[in-house]
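K.L.:
here is a sequence with its predicted model. Questions after.
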Amino acid sequence: MFSGFDPLVKTDDCFDKLFIPPDHVSRATTDTFYKDKNHCLRPHTSVHQIPLMKQQEHAFLCVGDVYRKDTVDRTHYPAFHQMEGVRVYDFEAIGAKNQKEAKLICERDLKQVLENLAVHVFGDVEMRWIDEFFPFTDPSLELEIFFNDDWVEILGSGVILDGVMLNAGKDITK
């Protein structure tokens, strides 16, 4: 597990290397706390994926405070803890014949692990997967649980985008 990263990050690392487009809402000054045009307070722990993968980390958790200009309500606050889990596979290790099959296996395993985590944390609750869009994953998914007569998002997830893997120096053909 990795923690203790500086919460002030480079905007290039936080957005550009993760393929977050210039017009994406997360880059707006109404959503992100900027120090200057090249630095911001970390709005997500995904900013640490690439550096950790470049250090040859293949399975890790990264935790830290994140900062967003959210309106305070029962599910939002401008500073909160986030956990990022990453696991890098090679095709042979998971029994895949090609990249497409590997992604399907990874998606299936990702859902299973996160559903088990949700049951461990919240008990035997009703849950559902929602297709979502995160610029750095494909597919992108959110897991919601039914709590207090409402669906509540508990996590976002996805299979890391090929371009992000390439930015981390990973060969996506194996």
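P.N.:
Thanks, I have it. Numbering: from 1, shown residues only.

K.L.:
every contact and neighbour count from this point should use C-alpha atoms.
P.N.:
Fine.

K.L.:
just list whatever residues bridge to the residue lying closest to Gln49 once chain neighbours are set aside.
P.N.:
Once its chain neighbours are removed from consideration, Gln49 has its nearest residue in Val86; the separation is 7.5 Å (C-alpha to C-alpha, 6 or more residues apart in numbering). With beta bridges defined as DSSP bridges, Val86 has these partners: Phe60.

K.L.:
pLDDT score for Val86?
P.N.:
At Val86, the predicted lDDT confidence score is 95.

K.L.:
now do the closest residue to Asp90 other than its chain neighbours against Ala93, distance only.
P.N.:
Nearest-residue entry for Asp90: Lys174, 5.5 Å, with adjacent residues in sequence omitted and distances by C-alpha to C-alpha, 6+ apart. For Lys174, the distance to Ala93 equals 10 Å [C-alpha to C-alpha, to the nearest Å].

K.L.:
those two: who's more crowded?
P.N.:
For Lys174 versus Ala93, the count of surrounding residues by other C-alpha atoms under 10 Å is larger for Lys174: 14 against 9.

K.L.:
ok, now which ones touch that one?
P.N.:
With contacts defined as C-alpha atoms under 8 Å, 6 or more residues apart in numbering, Lys174 is in contact with Asp90, Phe91, Glu92, Asn98, Gln99.

K.L.:
okay, these in CSV with secondary structure and neighbour count next?
P.N.:
Compiled in CSV, these are given as follows (DSSP: H, G, I helix; E, B strand; the rest coil; neighbours: other C-alpha atoms under 10 Å):
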residue, secondary structure, neighbour count
Asp90, coil, 15
Phe91, helix, 19
Glu92, helix, 11
Asn98, coil, 14
Gln99, helix, 14
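
K.L.:
between those residues, which is nearest Pro51?
P.N.:
Closest approach between the contacts of Lys174 and Pro51, by C-alpha to C-alpha: Asp90, at 19.0 Å.

K.L.:
now do the phi/psi pair for that closest one.
P.N.:
Summarising the backbone geometry of Asp90 under the convention degrees, to the nearest 10, its torsions are phi -110, psi 160.

K.L.:
quick one: buried residues of stretch 118-133?
P.N.:
Judged by neighbour count using 16 or more other C-alpha atoms under 10 Å, the buried positions of stretch 118-133 are Ala118, Met127, Glu132.
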